[in-house]
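Asks: Fold the following.
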Amino acid sequence: MSTPMQRAPWHAGFGRNYRHWLWSGDVILVVDTVLAFEAGKMDWLLHYQDEHDFNSAASATLRNGSAQALVTMLYPPATLHEEFGLADHDPDKKIPYLVFSAATASESQQFLTAICLKPERPPKMDLLTGENYIGVRVQSEKTVEELYLNLRSVNGSTSTGIVMGNWETDACLIHLDKIHGARCTGRSILCERWKLLAPR
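Replies: This next block holds a predicted model:
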């Protein structure tokens, strides 16, 4: 499992633009948190090489030789289309890229994207939403994993504690996993205060 955090490409119109990755098994989850100075519709751009196929309103399969990946925008509700831009260091060449467009305008926007490295056998993925969190449940043949983003922490609330079912935490990003039939275990990936993940 890998959980690095990085600042996404900077733009003067944003006060915050952070990206988190969680790579577990054959799935990479990408969590972007963006805060703009003004409300507006935000796009999530995906540059690729070789070929792609549209699967649904917010999902595409990428192909580059023998390599494939299934990319799905889980949150927010979005539409997907292709546009063309100029190639890096080659302004006379136009290259395609994919655009995931959020359905509604917002000043604070979170993007939750799944990249499946085995498109022929994708795991079952369910979006999890609550008043103070968004997340995803990934179910494979052997394990069930859940990743949550604490919206109170992201949006700068003075009280960042949230409850997710039987779990309570004030961490920003929370990862839960279990083997089928076993007890669930929790990991606090990014915590800004002293209260870590704990069962209620």
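
Asks: now the helices: where do they sit in the protein?
Replies: For the chain, the helices defined by DSSP state H cover 151-154.

Asks: could you give the mean pLDDT of stretch 29-41?
Replies: Per-residue pLDDT over stretch 29-41 has a mean of 91.

Asks: swap in stretch 46-66?
Replies: pLDDT averaged over stretch 46-66 gives 91.

Asks: Quickly list what residue 163 is bridged to.
Replies: residue 168 (DSSP bridges).

Asks: residues near it, how many?
Replies: If you count neighbours by other Cβ atoms under 10 Å, residue 163 ends up with 13. Glycine gets a C-beta too; all of them are placed from N, C-alpha and C.

Asks: Next one: it relative to residue 57, how far apart?
Replies: 32 Å (Cβ to Cβ, to the nearest Å).

Asks: same question, residue 142
Replies: Where residue 57 is concerned, residue 142 sits at a distance of 30 Å (Cβ to Cβ).

Asks: Which one's more surrounded, those two?
Replies: residue 57 (13 against 8).

Asks: What is the burial count for the nearest residue to the more buried one once chain neighbours are set aside?
Replies: The shortest distance from residue 57 to any non-neighbouring residue, by Cβ to Cβ, 6 or more residues apart in numbering, is to residue 79 (5.8 Å). For residue 79, the neighbour count with other Cβ under 10 Å is 13.

Asks: Residue 103 and residue 80 touch, don't they?
Replies: No - judged on Cβ atoms under 8 Å, residue 103 makes no contact with residue 80 at a distance of 11.4 Å.

Asks: So which of these two has more stuff around it?
Replies: residue 80 (20 against 12).

Asks: Now do the contacts for that one.
Replies: By Cβ atoms under 8 Å, 6 or more residues apart in numbering, the contact list for residue 80 reads 54, 56-60, 73, 98-101.
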